[in-house]
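Peer 1: Take this sequence and fold it.
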Amino acid sequence: MATDGLKRDAASAAVDRFVEDGATLGLGSGTTSAFVVGRIGEKLAAGELRNVRGVPTSESTAALAREAGITLVGLAEARPTLTLDGADEIGPRLANIKGLGGALLREKIVAAASRDGLVLVADGSKAVDTLGARGPLPVEVEPFGWETTFEALSSLGCTPRLRMDATDPGRPFVTDGGHYTADCAFGPIEDPPGLEAAIKAIPGALECGLFVGLARAAVIADRDGVRVVEG
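Peer 2: Numbering: from 1, shown residues only. Just a heads-up that it's a prediction; the model follows:
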């Protein structure tokens, strides 16, 4: 089955299992989260869910949610019951890496504010034995003085690369919050909590894509079916 089909299966299973009437949901960003939003919209339209509200983590997710008929609220109005979001890598004890979609700061704020935590939704390729072995760790940084922030990140043992805009490769990618993203090639990360703390101690490093201690479950779809991993 193609990856999009697996993402869709995981999204449907996650919504069917974890979303109840009256829930306020943190809505993640990225391709898998788009399937989550679509499934919620389908169930609302069919009358299988009622009074579900969403706290979007990006402008693109907000647009999808409006199209799906999901009422949107901000964190000043309500705290999420739980957050449903994708992941770039899912490691032991559900520690995970997020941020390749460009919304990690808002995603972490919403996940941390969620009463029942974060439910990850992913295809089987995202499950790994060690975080960081397959790809970079994104870090959202303040544009002012970003060069010095990159030097400090390098001192932790990585090679940071400034993410460029996909539609205009001559300009840096800018998040919805107006920030830059450093894609940091650390290699295998043996101590995710320690690295997260070290990165966040750097002035200018606003947040990193290590999500440690936030996920309560992961819904993962592969060719053998859908499984739920509890934290």
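Peer 1: The longest strand anywhere in the chain pairs with which strands?
Peer 2: Scanning the chain for the strand with the most residues, using DSSP state E, yields strand 215-222. Here strand 215-222 is paired, per DSSP bridges, with strand 118-123 (parallel), strand 225-230 (antiparallel).
Peer 1: Could you point out which of these sits nearest Gly101?
Peer 2: Gly101 sits nearest to strand 118-123 of all the strands paired with strand 215-222, at 12.6 Å, using CB to CB. To be clear about C-beta, it is placed using only N, CA and C from the backbone, and glycine gets the same treatment.
Peer 1: Endpoints of stretch 120-137, how far apart?
Peer 2: Stretch 120-137 has an end-to-end distance of 17 Å (criterion: CA to CA, to the nearest Å).
Peer 1: ranges for the helices of this structure?
Peer 2: For the chain, helices defined by DSSP state H occupy the ranges 3-18, 31-45, 59-67, 104-112, 146-154, 192-200.
Peer 1: Dump these to JSON lines, plus mean neighbour count.
Peer 2: Shown next, in JSON lines, are those (neighbours: other CB atoms under 10 Å):
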{"stretch": "helix 3-18", "mean neighbour count": "20"}
{"stretch": "helix 31-45", "mean neighbour count": "21"}
{"stretch": "helix 59-67", "mean neighbour count": "18"}
{"stretch": "helix 104-112", "mean neighbour count": "23"}
{"stretch": "helix 146-154", "mean neighbour count": "17"}
{"stretch": "helix 192-200", "mean neighbour count": "17"}
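Peer 1: closest one to Arg227 among the ones you listed?
Peer 2: Judging these by CB to CB, what sits closest to Arg227 is helix 3-18, at 9.1 Å.
Peer 1: on that earlier part again, put together CSV for the helices of the chain, with distance to Leu94 and mean pLDDT on each row.
Peer 2: Output for those, formatted as CSV (distance: least, CB to CB, whole Å; pLDDT from 0 to 100):
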stretch, distance to Leu94, mean pLDDT
helix 3-18, 14, 97
helix 31-45, 16, 98
helix 59-67, 22, 98
helix 104-112, 12, 98
helix 146-154, 25, 98
helix 192-200, 11, 98
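Peer 1: Ignoring the adjacent residues along the chain, who's closest to Asp183?
Peer 2: Pro136 (3.9 Å; CB to CB, 6 or more residues apart in numbering).
Peer 1: what sits against that neighbour?
Peer 2: Arg161, Asp183, Cys184, Ala185, Phe186 (CB atoms under 8 Å, 6 or more residues apart in numbering).
Peer 1: Grab the nearest non-local neighbour of Phe35.
Peer 2: Using CB to CB, 6+ apart, the closest residue to Phe35 is Ala11 (3.6 Å).
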